[in-house]
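A.B. asks: Predicted structure and sequence below. I'll ask about it afterward.
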Amino acid sequence: MKVVPPSFFKHDAVLVAQKLLGSVIRYKSCSGMIVETEAYRADPASHAYRITPRSAIMRDTSGHWYVYFVYGMHHCMNITTNSIGEPGAVLIRALEPLEGVELMKKRRGTDDARSLCSGPGKLCEALGVDRRLNGTAVGERMHVERFRRMGARSIAATPRIGINEGKEHLWRFFVKGSAFVSKTKQEERSYKK
DNA sequence: TATTGGATCGCC
DNA sequence: GCGATCCAATAG
């Protein structure tokens, strides 16, 4: 698979978030195809709305991993975007597991392939990612490679999840029909039936 | 230094 | 619907 070059990320987060769908994230022995993303600029829902020591990476880098810890128990991984000085990042929200599935099942404590990486906290746990990856360049320790080509017709857009402001922006993107995207409570219930 | 709430998840 | 559980951000 072809490695994604740094220039790929030097564009607006809303564009990069869509173009990342169908690419593969590889970390150690595990990999998965990106099926769901969200874009963050310096808007009110973004960590970069106010630049802090934590969020400065969104302004000061492009093509680097921004990994943070939330709710006392979960990690979220982003890739910083835009040109230097212009804040932006893409949150990776779901992967279709490809390689290392057995290890992912072990880490996640489930055999259900659809539950392994269907959420930002889940996929970090499945891949064994924590804040030690924060600030590393894409391709340094965790990699992104071209895999599938996703046309505009196969991409859906909705408001971002878990935010209170900026709901007018349809900056969450996912692969239509994928069984591996994160699920709402309602979707979760109907799937179990 | 103290307080508050979070780009989540899984169980009740 | 709610609790878990740590830490970054902000206020004092």
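C.D. replies: Good, I have the coordinates. Numbers count the residues shown, from 1 in each chain, chains lettered A, B, ... in the order given.
A.B. asks: which phi and psi does the closest residue to DNA strand C within chain A have?
C.D. replies: Per Cβ to the nearest atom of the strand, A:Gly72 is where chain A lies closest to DNA strand C, at 2.2 Å. The way it works is simple: take the backbone N, C-alpha and C, and place the C-beta from them, glycine included. Note on A:Gly72: its backbone torsions stand at phi 70, psi 0 [degrees, to the nearest 10].
A.B. asks: And for the one 5 residues further on?
C.D. replies: For A:Met77, the backbone dihedrals (degrees, to the nearest 10) come out as phi -110, psi 140.
A.B. asks: ok, it touching A:Val67?
C.D. replies: Yes. Between A:Met77 and A:Val67 there is a contact at 5.0 Å, judged by Cβ atoms under 8 Å.
A.B. asks: Quick check: neighbours shared by those two?
C.D. replies: A:Cys124, A:Val129, A:Leu133 (Cβ atoms under 8 Å, 6 or more residues apart in numbering).
A.B. asks: Please give me every residue in contact with A:Arg59.
C.D. replies: Contact analysis of A:Arg59 by Cβ under 8 Å, 6+ apart lists A:Ala48, A:Ile51, A:Ile84, A:Gly85, A:Glu86, A:Pro87.
A.B. asks: my guess is it is in a strand, correct?
C.D. replies: No. Looking at A:Arg59 with DSSP: H, G, I helix; E, B strand; the rest coil, it is helix, so not inside a strand.
A.B. asks: any idea how far it lies from DNA strand B?
C.D. replies: Between A:Arg59 and DNA strand B the distance is 11 Å, computed by Cβ to the nearest atom of the strand, to the nearest Å.
A.B. asks: List the contacts of A:Ala113.
C.D. replies: Neighbours of A:Ala113 in contact, by Cβ under 8 Å, 6+ apart: A:Pro97, A:Val101, A:Lys105, A:Phe180.
A.B. asks: what about chain A, any weak spots by pLDDT?
C.D. replies: A:184-193 (pLDDT under 70).
A.B. asks: let's see 50
C.D. replies: A:192-193 (pLDDT under 50).
A.B. asks: which one of the shared contacts of A:Met77 and A:Val67 sits closest to DNA strand B?
C.D. replies: Nearest member of these to DNA strand B, counting by Cβ to the nearest atom of the strand, is A:Cys124, at 7.9 Å.
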